[in-house]
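Visitor: I'll drop the sequence and a predicted model, then ask my questions.
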Amino acid sequence: MLLTIIVTVYNLEKYIENCLMSILLQDNDDFEVVVVDNGSDDNSVVICEKIQKLYPQKMTFIKLDKPTFIGRAHIEARKMVTGDYFQFVDGDDKLVNGSINRICDVIREKKPSLIVGKFVTEATIGTTSIKDADIKSENINGRTYEEGIEYLTSLPSFHPVLWRFVVKREYLRYFYMGNFLKINHKYWSSVSDWLAFTNVLLNVNSLWVIEEPFYVYCRREGSTGNALSKKESRDNYYITSILMILLTYNMDFQGYKKKFAISRFELLFSNFLIQADALKEDEVNALVEWTDEYLPAMKSVGGKESKLLQSFLTEIEANGIEKAIQIIIKNYLDSFNVCFKAKNKNKIYVFPMGIKGRGVVALLKDRGENVAGFIDNDEMKNGIIVDGIQCFSRERVRERENDTFENCVFVIATIYRELEEKLKNQLLEMGIDEENIVFV
């Protein structure tokens, strides 16, 4: 068997049939599907059993009893992998028709350790679309593994999702983060994705990109990624950022591998800072405990590759962990305020509508500022309302303001520093004066 596709299910009666049929109806005989239900309360099990009877040669179905916990289905499914390669598919997503043939062709012809896939997003009402990174295959295919990792390190919006990988079975063990990190965290599924994604990527030895998207990511309300509260999301980013340093230490990543892992730390920690404006004393104490436990690893990894980590370690050395967390949050908020000190505008637009953009809008609203809207290059987001604020395309903003922008300030809010100049140039092309553009 060339390929094992692992599908996990939990209360997905509205989606699981479409997911499974998008896989099973593909014209290829060299794959199997392992479906694991994680203790569903709805009709997911009935639907899966019905489909398994129709495709007994291709599909294996496992029903796990309660009590359930996040990640259990993945753990059980991995034990069933028999294919030379394997891929994860979430039970509310789909595979693009013809994608299995394309994957199998690459496996037979190129035999890479890991295939990197592209995806498209289907967003339901109440959710936002996620745009995939613009991965240029010529920067990976035919290049050395080191060149490929260096390219991915520099690539904005390279989302850390396990289902974009097709991996040789011999690397399966790198998905078991319990082998590398001895932790127990209530949001382990989200934490594990970032860490397992990094661990697998940095332990294979060759990469290949499939140019055409093979995965359909279906954003829906109530899924794990959309269901976390602001506090849960904030804590998750902080804890995962610290664990990314622990992973770097435990795996002794050096050189280009360390650079990639540290770049993930910076993304995670930046996302924490964006949401950390209202930390309570008991919440700070919880983060202190995590930091204290893994401080030796943080010091060993050091801040040579990261100004952010170096600044944090310097503050810890001078003031202790609790005070250091408070200082680094205050420094971020002070830099945020400085950006607006000299501005006296009636309207504020935030560009783009990403994680940082939404965090910036929350801070602006808390300060009573007039947020006129988000701006985003993704046309699918034009007109949608998120956090009570409407999103517009650049062209729609021009129409809305009649090409007159002197009473507006445009905030560039991206966690990807390499994108800032590009976004600034896009605003300048609209006829916006540079003095009306700020970075946070």
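Guide: Noted; the coordinates are in hand.
Visitor: list phi and psi for residue 373.
Guide: phi 160, psi 170 (degrees, to the nearest 10).
Visitor: so how many other residues sit close to it?
Guide: Residue 373: 20 surrounding residues under other C-beta atoms under 10 Å. Bear in mind the C-beta positions are built from the backbone N, C-alpha and C, glycine included.
Visitor: what's downstream of the helix or strand bottoming out on mean pLDDT in the chain, the next helix or strand?
Guide: Within the chain, no helix or strand scores below helix 224-227, which has a mean of 52 by mean pLDDT, DSSP states H and E. Per DSSP states H and E, the first helix or strand lying C-terminal to helix 224-227 is helix 230-250.
Visitor: using CSV, write down the CA coordinates of the helix or strand hosting residue 60.
Guide: Assessed by DSSP H and E, residue 60 sits inside strand 59-63. Taking Å, rounded to 0.1, in the frame of the first residue of the first chain, the C-alpha atoms of strand 59-63 are listed here in CSV:
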residue,chain,number,x,y,z
MET,A,59,-11.8,1.9,4.6
THR,A,60,-11.2,0.8,8.2
PHE,A,61,-13.4,2.3,10.9
ILE,A,62,-12.5,2.4,14.6
LYS,A,63,-14.9,3.6,17.3
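Visitor: quick one: buried residues of the helix or strand following that strand?
Guide: Note on strand 59-63: by DSSP H and E, the next helix or strand toward the C-terminus is helix 72-78. Buried residues in helix 72-78, defined by neighbour count with 16 or more other C-beta atoms under 10 Å: 72, 73, 74, 76, 77, 78.
Visitor: now the strand holding residue 60, how far from the centre of its chain.
Guide: Chain-centre distance of strand 59-63: 28 Å, with C-alpha atoms, centre = their mean, to the nearest Å.
Visitor: direction included, what does it pair up with?
Guide: Looking at strand 59-63 with DSSP bridges, its partner strands are strand 31-37 (parallel).
Visitor: list the contacts of the helix or strand just after the partner strand.
Guide: Per DSSP H and E, the first helix or strand lying C-terminal to strand 31-37 is helix 44-54. Residues from elsewhere that reach helix 44-54 (C-beta atoms under 8 Å, 6 or more residues apart in numbering): 9-13, 16-17, 20-21, 24, 35, 37, 59-61, 63, 91.
Visitor: please repeat the previous calculation with a cut-off of 6 Å.
Guide: Helix 44-54 is contacted from outside by 9, 12, 13, 16, 17, 20, 35, 37, 59, 61, 63, using C-beta atoms under 6 Å, 6 or more residues apart in numbering.
Visitor: what angle sits between it and strand 31-37?
Guide: Angle, helix 44-54 to strand 31-37, by axes from the mean of the first three to the mean of the last three C-alpha atoms, to 10 degrees: 160 degrees.
Visitor: average pLDDT for helix 44-54?
Guide: What helix 44-54 shows for mean pLDDT is 97.
Visitor: what do you get for stretch 423-440?
Guide: Mean predicted confidence for stretch 423-440 is 89.
Visitor: hmm, who's touching it?
Guide: Contacts for stretch 423-440 (C-beta under 6 Å, 6+ apart): 336, 339, 360, 394, 398, 403, 405, 409-413, 420.
Visitor: what is the nearest of the residues you listed to residue 307?
Guide: Taking C-beta to C-beta as the measure, residue 307 sits nearest to residue 420 out of those, at 15.8 Å.
Visitor: show the pLDDT at the closest one.
Guide: pLDDT, residue 420: 88.
Visitor: next up, phi/psi of it, please.
Guide: According to degrees, to the nearest 10, residue 420 has phi -60, psi -50.
Visitor: dump the residue contacts of it.
Guide: 412, 439.
Visitor: quick check: it vs residue 364, distance?
Guide: The gap separating residue 420 from residue 364 is 19 Å, by C-beta to C-beta, to the nearest Å.
Visitor: picking up where we left off before, the contacts of stretch 423-440 in strands, which ones?
Guide: 409, 410, 411, 412 (DSSP state E).
Visitor: with respect to residue 260, which of these is nearest?
Guide: residue 412 (24.7 Å).
Visitor: which residues touch the closest one?
Guide: Residue 412 neighbours (C-beta under 6 Å, 6+ apart): 351, 420, 423, 439.
Visitor: so where do the helices sit in the stretch 151-300 of the chain?
Guide: Per DSSP state H, counting those that start in this stretch, the stretch 151-300 of the chain carries helices over the ranges 188-201, 224-227, 230-250, 255-274, 281-301.
Visitor: pull the residues that contact stretch 301-318.
Guide: In contact with stretch 301-318 (C-beta under 6 Å, 6+ apart) are residues 245, 248, 249, 259, 262, 266, 269, 324, 327, 328.
Visitor: which two among the residues you listed are spaced furthest apart?
Guide: So, the contacts of stretch 301-318 by C-beta to C-beta: farthest apart are 259 and 327, at 26.4 Å.
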